[in-house]
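Sharing a model prediction with you, sequence too.
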Amino acid sequence: MQDIWKKATEISGLLSAIRRDIHRHPELSMQEYRTSGIVADTLEKAGIETRRGIAGTGITGTLQGNSPGRCLALRADMDALPIEEKTGAEYASINKGIMHACGHDVHTTCLLGAALILSGIRDSFPGTVKFIFQPAEEINDGAKQMIKAGVLSDPEFEAIFGLHTAPAIPAGKIGVKEGPLMAAVDTIRIVILGEGGHGAVPDRTRDAVVAASAVVQNLQTVVSRKTSPFDPVVVSIGTIHGGKANNVIADRVEMSGTVRTYNAETREKMPGLLKNIIARTCAALDTEGKLEYIFDLPPLVNDPECAGIIREAALNVLRPGSVIEATPSGGGEDFAVFLEHVKGAFFFLGTGGKYEWHHPEFDVNEDCLAAGAAVLSQTAANYLRKE
């Protein structure tokens, strides 16, 4: 077995250059043409069988080991966010209003690093590694579209692994755990219907704004009184729109929000619980409430065996004390869609940043790049070597 960590450090300068290039030229979901071009060109130069244009901008690479065997997949996402960058870095985005504020440039770079490392030691392991570079994670659609386009086959893989930046974890460390790691992500849309009128004559109206205010407050009782305190649930209203003038009582209010859960049974119960609160609150205020509940993404739940393989791989290549127990995140990830089809696991890559995901000053300590590439590479090698 060649020294994967040594190889990762040897290409750390190249990884930094790739990451900065991608960071400087971010692209929104389903528009990752330049990024996917860099990915495909890099894979082809490394002698990896490459397919372009999957579900639009998706890329796959297939690497054969020294003999037939099992097949696993390693996955990264490529898209950026509609956020104006304020880092002031010399490699800051040149695309106005778009930036890599979630670290997908890091994910793509780490997976490219793993592809380069594994292609250099392909004679040392059996089986096949499939590299999946996915578009449109930020709009919860890329994994679904790649699966629809047939990415689960040709070659078919039996396990999948991935990573996500984690600013709260120091660079050079990773966080991993068995079971639930990231939340299910669902969207709610609520419409409150009343009867408008003059603001000075409220008794002749049915005030949709008052009802909406009560609904926002009462929805929190679903969390505090309808679910176990040991079963994390979040219900947040993000938008509220109603009324057209200061002296007119609104007859309609529209709201939208997000629901986050980790337990599949709890998730299934949420539409009924929310609908009941909305209907009864509105009825008490002589209004009508309607709920649209959209199941967007399932929870990301790590397979225990696969999480253990990541942990073992990280212990093989990183310094002692570099593997910590990950704290579950309320964020969602469409890697979870892959886990509905095959077993796998996801880990948090420490990036040591000051700001969290989706912040205009989000940035990373690039020491994370070699660590991410090494852990992905070692995970693949260890998995394929196991009987």
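Good, I have the coordinates. From a predicted model like this one, the values you see are computed outputs, not experimental measurements.

I'd like to know the average pLDDT value across the host helix or strand of S36.
Applying DSSP states H and E as the criterion places S36 in helix 33-45. For helix 33-45, mean pLDDT rounds to 98.

Can you name the next helix or strand after that helix?
With DSSP H and E, the next secondary element past helix 33-45 is strand 49-54.

what lines up beside that following strand in the sheet?
strand 58-64 (antiparallel) (DSSP bridges).

Show me how far the strand it pairs with is from its chain's centre.
Offset of strand 58-64 from its chain centre (Cα atoms, centre = their mean, to the nearest Å): 21 Å.

Same check on stretch 198-216?
39 Å.

Mark out where each domain of the protein begins and ends.
When the chain is parsed with automatic domain parsing, its domains come out as 4-181+299-385, 184-296.

Which of those domains has the highest mean neighbour count?
Across these, averaging neighbours per residue (mean count of other Cβ atoms under 10 Å) puts domain 4-181+299-385 on top, at a mean of 20. Where C-beta positions appear, they are placed from N, C-alpha and C, glycine not excepted.

now that domain, how far from the chain's geometric center?
11 Å.

which regions of the stretch 1-150 of the chain lie under the pLDDT threshold?
Where the stretch 1-150 of the chain drops to pLDDT under 70, the residues are 1-2.

all strands of it, in order?
49-54, 58-64, 71-77, 128-134 (DSSP state E, counting those that start in this stretch).

Same list (those strands) but as TSV, adding distance to G113.
Listed next are the strands of the stretch 1-150 of the chain as TSV, based on distance: least, Cβ to Cβ, whole Å:
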stretch	distance to G113
strand 49-54	16
strand 58-64	13
strand 71-77	10
strand 128-134	11
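
closest to P299 out of those strands?
Counting by Cβ to Cβ, P299 lies closest to strand 71-77 out of these; the figure is 17.2 Å.

Now tell me what touches that closest one from outside.
104, 107-108, 110-111, 114, 127-138, 142, 155-163, 334-335, 338, 342, 344, 376, 379-380, 383-384 (Cβ atoms under 8 Å, 6 or more residues apart in numbering).

Which strands border it, and is each parallel or antiparallel?
According to DSSP bridges, strand 71-77 forms sheet pairs with strand 128-134 (parallel), strand 159-166 (parallel).

any chance of those in TSV, plus distance to K86?
Formatted as TSV, the strands paired with strand 71-77 follow (distance: least, Cβ to Cβ, whole Å):
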stretch	distance to K86
strand 128-134	27
strand 159-166	18
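
For G53, which of these is the nearest?
Among the strands paired with strand 71-77, strand 128-134 comes nearest to G53, with 11.6 Å by Cβ to Cβ.

So what touches that closest one?
Applying Cβ under 8 Å, 6+ apart, the contact partners of strand 128-134 are 36, 39, 43, 48, 58-65, 69-78, 108, 111, 114-115, 118, 142-143, 146, 151, 155, 157, 160, 334, 380, 384.

how about the nearest residue to S67, chain neighbours excluded?
Residue nearest to S67 in three dimensions, not counting chain neighbours: P126, with 4.5 Å by Cβ to Cβ, 6 or more residues apart in numbering.

hmm, I was thinking of P298
Using Cβ to Cβ, 6+ apart and skipping the chain neighbours, the partner closest in space to P298 is A336 (4.8 Å).

list the contacts for that neighbour?
Contact partners of A336, counting by Cβ under 8 Å, 6+ apart, are A143, M182, A184, L297, P298, P299, L300, V301.

Now intersect those residues with the strands, please.
Under the assignment DSSP state E, those contribute M182, A184, L297, L300, V301 to strands.

Touching, the fourth one and F335? I think so.
Yes. Checked against Cβ atoms under 8 Å, the pair L300 and F335 is within contact range at 6.0 Å.

what residues do these two have in common as contacts?
Between them, L300 and F335 share the contacting residues F346, judged by Cβ under 8 Å, 6+ apart.

Which neighbouring elements make contact with the lengthiest helix in the chain?
Longest helix in the chain, counting residues (DSSP state H): helix 264-284. Here helix 264-284 touches strand 184-193, helix 208-225, strand 233-242, strand 252-261, strand 288-297, going by 3 or more Cβ pairs under 8 Å, 6 or more residues apart in numbering; DSSP states H and E.
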